[in-house]
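Engineer: quick one: sequence plus predicted model below, questions after.
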Amino acid sequence: MPLTRLNEILQKELDELKTEGRAKGKELIIVDVKKPEGEKGPRFFLKGFGDKEFIRMNSNSYLGMQFNEEVIKVEEETARKFGIGPGAVRFISGTYITHRDLEKKLAQFHGREDAMIFSSAYMTVVGIISSLVTPETVIISDELNHNCIINAIRLSRPKERYIYKHLDYKDLENGIKSFIGKAKRAIVVTDGVFSMRGDYADLKKIQEIADRYDKDFEENIITIVDDSHGVGAFGPTGRGTEEITGGKADLLIGTMGKAYGVNGGYVVSNDVITTYLREKTITYIYSNPVTPSEAACVLKVLEILDCKEGQKRLSHLKELAKFFREGIVKLGYETVVSEHPIVPLLVRDATRTIDLVNYLIDNGILATAINYPVVPRGSESIRFQINADHTTFDINYVLNVLERYRKERWS
C-alpha cells in the first residue's frame with residue numbers, strides 16, 4: 001500500500017537535514033582504480049565524473065594494503081580452497097582454520113591469551129559491552145566516544161552511566177568515585193584514537209585510576225578500549241594506543257577494516273573472558289564471521305607489519321601525517337595536535353564545511369565533512385586521513401588546493 005503519510009513525515013525530516021547542512025547526500029560510487037604510478041599514489045574514478053581522477057583522502061586503509069599483491073594472492077588462494085563465504089555461524093560449522101589461526105595471531109600480536117573475531121568492529125563493541133553489563137553494572141565513558149560505544153551503552157541498559165569530559169581524567173576519577181557503594185561492577189570505556197579528531201586516550205593513566213578504585217567494586221572495574229583507528233597504524237610497530245601510552249586495557253577492541261585493509265573486528269583479552277564472550281555475545285553467536293579468505297588476508301598483513309616492509313610503511317605514514325598537519329597549520333588552518341594519520345581541519349561552520357568539501361571534489365580530492373551531530377556544534381571539520389600509499393606529490397597537491405581555497409573563499 002502507498003505509505004503517503006509516512007513518506008511526508010520522512011521527507012520533512014530529510015529536508016530539515018539538508019537545510020541544516022547535516023545530510024550526507026548521495027554516496028559517491030567508485031567505478032575504477034588506477035594503481036600507484038610514478039610519483040602518484042592510487043587514483044580513483046567515480047560514477048558520473050568521467051575520466052576525472054581523484055586522490056582519496058578519506059580512507060581508513062592507513063597501511064595502504066588494498067593493492068598489495070601478496071595479500072591479494074593469499075585471498076585468491078584461500079577462496080579457491082574454502083570457497084567465497086563461511087556458510088554458517090561460528091558455533092555450527094562456520095569456523096575455519098584461518099579464523100582460529102588469526103585469533104591466535106592477534107592475541108600474540110597484542111600480548112594477550114586469546115582473541116575473538118567478529119563481522120565488524122561495531123558489532124564487536126555492541127556485543128561485548130551488552131554481554132558484560134548486568135543490572136548491577138555502571139559505565140563511565142568519554143564524551144567523544146564513537147557512536148558504537150554510545151549505542152552499546154544504550155542497548156545494554158546499565159544501572160547508571162557517567163559521561164566524563166573528553167580526556168579529562170580527573171572527571172573520569174570523579175565518575176568512578178560517584179558509584180562507589182552503588183554497584184558491583186564498573187566498566188570504563190574509551191576510544192583509543194578518537195575517530196573524528198585523531199587525538200588519543202592516555203591508557204596508562206586510565207588504568208592507574210581504575211586500579212586505584214578496583215577494590216571498591218565487588219566485581220572489579222573493567223577497562224574496555226576500542227582502538228579501531230590505532231591498531232596497525234599507530235605506534236612504532238603498529239600496536240596502537242597501548243604502544244604509544246604504555247597502558248593496557250582489560251579488553252582491547254580492534255578492527256580489521258581500517259589499517260589492515262580487509263574487513264571485520266576483534267577483541268583480545270584473557271582466556272576466561274574470551275570463552276565467556278563466545279558463549280554469551282549475540283553479535284558473535286548469531287552472525288556469520290568474516291570469510292576464510294578475509295581472515296587469511298589479515299594474517300598476511302600482520303606478517304608484513306612485523307617485518308621491514310611494515311616498519312617502512314609505518315615510518316612513511318608517520319612522516320606524511322606530520323608533513324600534512326604542519327602544512328595546513330602553515331596555511332592558517334586549525335587542526336588537532338596529534339601524531340595520528342587522522343588530520344582534521346577545523347572549519348567550525350557547517351555551511352563552509354560543505355562548501356570546502358565540494359571545492360575539494362571539484363579539484364579531484366575526496367575528503368569527509370564532519371558536522372553536527374557527529375561532532376558538537378562549533379567543531380565542524382574536514383577529516384583527512386593519510387595512507388601509506390599516498391606520496392609527497394599527493395600531499396603537496398592537496399595542500400596547494402587548500403591554499404587556493406583559503407585565498408579565494410576564506411574570509
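Structural biologist: All right, it came through fine. A quick note: this is a predicted structure, and the numbers were derived from the prediction, not measured.
Engineer: which residues sit against stretch 345-354?
Structural biologist: 20-22, 328, 333-336, 356, 369-372, 378-382, 384, 402 (CB atoms under 8 Å, 6 or more residues apart in numbering). Every C-beta, even on glycine, is put in place using the N, C-alpha and C of the backbone.
Engineer: pull the contacting residues for the residue nearest to Arg161 when sequence neighbours are not counted.
Structural biologist: Among residues not flanking Arg161 along the chain, Ile139 sits closest, at 4.6 Å (CB to CB, 6 or more residues apart in numbering). Neighbouring residues of Ile139 by CB under 8 Å, 6+ apart: 129, 133, 153, 156, 158, 160-162, 186-189.
Engineer: helix, strand or coil for Ile139?
Structural biologist: Secondary structure, DSSP: H, G, I helix; E, B strand; the rest coil: Ile139 is strand.
Engineer: partners of it in the sheet?
Structural biologist: Arg161, Ile187 (DSSP bridges).
Engineer: for it, give its distance to Gln108.
Structural biologist: 30 Å (CB to CB, to the nearest Å).
Engineer: for the chain, which segments count as helices?
Structural biologist: Ranges of helices in the chain, per DSSP state H, are 4-19, 69-82, 97-109, 121-132, 147-156, 169-178, 203-213, 241-245, 271-280, 282-285, 292-305, 308-330, 350-362, 392-409.
Engineer: let me know the pLDDT of Met196.
Structural biologist: Looking at Met196, its pLDDT stands at 87.
Engineer: give me the contact list for the helix or strand of the chain with the lowest mean pLDDT.
Structural biologist: Here the helix or strand of the chain ranked lowest by mean pLDDT, DSSP states H and E is strand 368-370, holding a mean of 87. Contacts of strand 368-370 with the rest of the structure, by CB under 8 Å, 6+ apart, involve 58, 196, 344, 353-354, 356-357, 380-383.
Engineer: okay, those in TSV with neighbour count and distance to Lys318 next?
Structural biologist: Shown next, in TSV, are the contacts of strand 368-370 (neighbours: other CB atoms under 10 Å; distance: CB to CB, whole Å):
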residue	neighbour count	distance to Lys318
Asn58	18	19
Met196	19	20
Pro344	27	17
Thr353	21	27
Ile354	19	31
Leu356	25	26
Val357	21	26
Glu380	25	27
Ser381	26	21
Ile382	26	21
Arg383	20	18
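Engineer: from these, pick the one nearest Val267.
Structural biologist: The shortest approach to Val267 among these belongs to Met196, at 22.5 Å (CB to CB).
Engineer: what's the pLDDT at Gly21?
Structural biologist: In this prediction Gly21 is given a pLDDT of 69.
Engineer: export stretch 81-88 as PDB, just CAs?
Structural biologist: Below are the C-alpha coordinates for stretch 81-88, written out as PDB (Å, rounded to 0.1, in the frame of the first residue of the first chain):
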ATOM      1  CA  LYS A  81      40.400 -23.700  -1.200                       C
ATOM      2  CA  PHE A  82      37.500 -22.900   1.100                       C
ATOM      3  CA  GLY A  83      35.000 -21.000  -1.100                       C
ATOM      4  CA  ILE A  84      33.900 -17.400  -1.000                       C
ATOM      5  CA  GLY A  85      32.000 -17.500   2.300                       C
ATOM      6  CA  PRO A  86      31.900 -19.300   5.700                       C
ATOM      7  CA  GLY A  87      28.400 -20.800   5.100                       C
ATOM      8  CA  ALA A  88      27.400 -20.800   8.800                       C
END
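Engineer: Arg406 and Lys330: what is the separation?
Structural biologist: 11 Å.
Engineer: ok, now Asp271?
Structural biologist: Asp271 is 51 Å from Lys330, by CB to CB.
Engineer: repeat for Ser381
Structural biologist: 18 Å.
Engineer: contacts only, for the closest residue to Val398 other than its chain neighbours.
Structural biologist: In space, and not counting its chain neighbours, Val398 is closest to Ile365: 5.7 Å by CB to CB, 6+ apart. Each residue near Ile365 by CB under 8 Å, 6+ apart is listed here: 54-55, 57, 397-398, 401.
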